[in-house]
Each structure stands twice: as C-alpha cells, then as structure tokens.
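Chemist: give the three-dimensional model of this entry:
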Amino acid sequence: SLASIAAECNLSETAFVTPRSNEVGAYDLRWFTPTREVALCGHGTLAAAAAVMASDGGESQRRRMVFHTLSGELVATLTTPTPLGSSVVCPTIELDFPINVPEVLHPGGPKVDGEEE
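Modeler: Sure, this is the predicted structure:
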C-alpha cells in the first residue's frame with residue numbers, strides 16, 4: 001500500500017502521483033507521512049509538479065497541470081519570466097493553493113476545536 005511505502009521511506013512526507021487516464025494534464029496526488037495520509041503538502045506538490053514536467057521534456061500539455069487531492073484541486077503552471085533588466089529566462093513553477101481565511105479569536109470567545117478549557 002502507499003502508506004507502507006511511505007513508512008519504509010521514513011521521510012517527513014512522501015508524494016504519490018498517478019495520471020488520470022481520461023484527462024490530459026490531470027493527476028491524482030496523495031501525500032503520506034510514515035504514519036498517516038495528510039491533506040496538503042506544499043513542498044511535495046512542488047516536487048511532484050517538477051518531476052512530471054521533467055519526465056516529458058516540458059511538453060506543452062504539461063505546462064499546466066491539475067492535481068486532484070484531499071484538499072481539492074491544486075493547479076501548477078510552468079512560467080518563464082524574465083527578471084527586469086535581465087536577458088536570462090527563469091523557469092518557475094507557480095502553485096495555486098486553496099485559501100483558508102483565518103478566524104479572529106477573542107479572549108473569552110468561543111473555543112477552537114480541540115482547545116482545552
């Protein structure tokens with residue numbers, strides 16, 4: 001199983017990428033610690049995008065990919081910006097992550113899930 005492979009690797013997170021057969025540029029992406037599956041892993045997503053893009057030589061269909069995860073769809077896009085005043089092109093992978101709007105907590109207000117009394 002994926003969990004047992006991650007446990008054997010014994011890294012902080014191990015990413016598993018599977019292409020979706022019915023969608024070009026779409027992948028299932030899952031991350032595991034040695035003990036459990038996690039919902040989101042930024043560095044694992046970046047590494048997965050770089051590995052997929054490198055594996056096909058940067059074909060145009062891989063310049064934008066969608067990862068289907070426990071956190072929803074995550075989009076990775078290969079861009080080639082040129083820094084101002086430079087002639088050097090710098091390939092960059094841009095990641096679009098979900099936004100979790102923070103909630104303001106006030107002393108004496110409601111407790112956060114799992115917070116001790």
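
Chemist: what residue is smack in the middle of this structure?
Modeler: Compute the mean C-alpha point of the chain, and by C-alpha atoms, centre = their mean the closest residue is residue 45, 2.6 Å away.

Chemist: show me what contacts it?
Modeler: For residue 45, the contact set (C-beta atoms under 8 Å, 6 or more residues apart in numbering) comprises 15, 29, 67, 69, 74, 76, 95, 97. The way it works is simple: take the backbone N, C-alpha and C, and place the C-beta from them, glycine included.

Chemist: need the next SSE after the helix or strand where residue 4 lies, C-terminal direction.
Modeler: Using DSSP states H and E, the element containing residue 4 is helix 2-9. Note on helix 2-9: by DSSP H and E, the next helix or strand toward the C-terminus is strand 14-19.

Chemist: can you pull the buried residues of that following strand?
Modeler: 14, 15, 16, 17 (16 or more other C-beta atoms under 10 Å).

Chemist: which SSE is immediately downstream of that strand?
Modeler: Counting by DSSP H and E, what follows strand 14-19 is strand 26-32.

Chemist: now that next one: average pLDDT?
Modeler: What strand 26-32 shows for mean pLDDT is 95.

Chemist: ok, the next helix or strand after that strand: who's next to it in the sheet?
Modeler: Counting by DSSP H and E, the next helix or strand C-terminal to strand 26-32 is strand 37-38. Sheet pairing here is set by DSSP bridges, and for strand 37-38 it gives strand 26-32 (antiparallel).

Chemist: what residues of the strand it pairs with count as buried?
Modeler: Those would be 27, 29, 30, 31, 32, for strand 26-32 by 16+ other C-beta under 10 Å.
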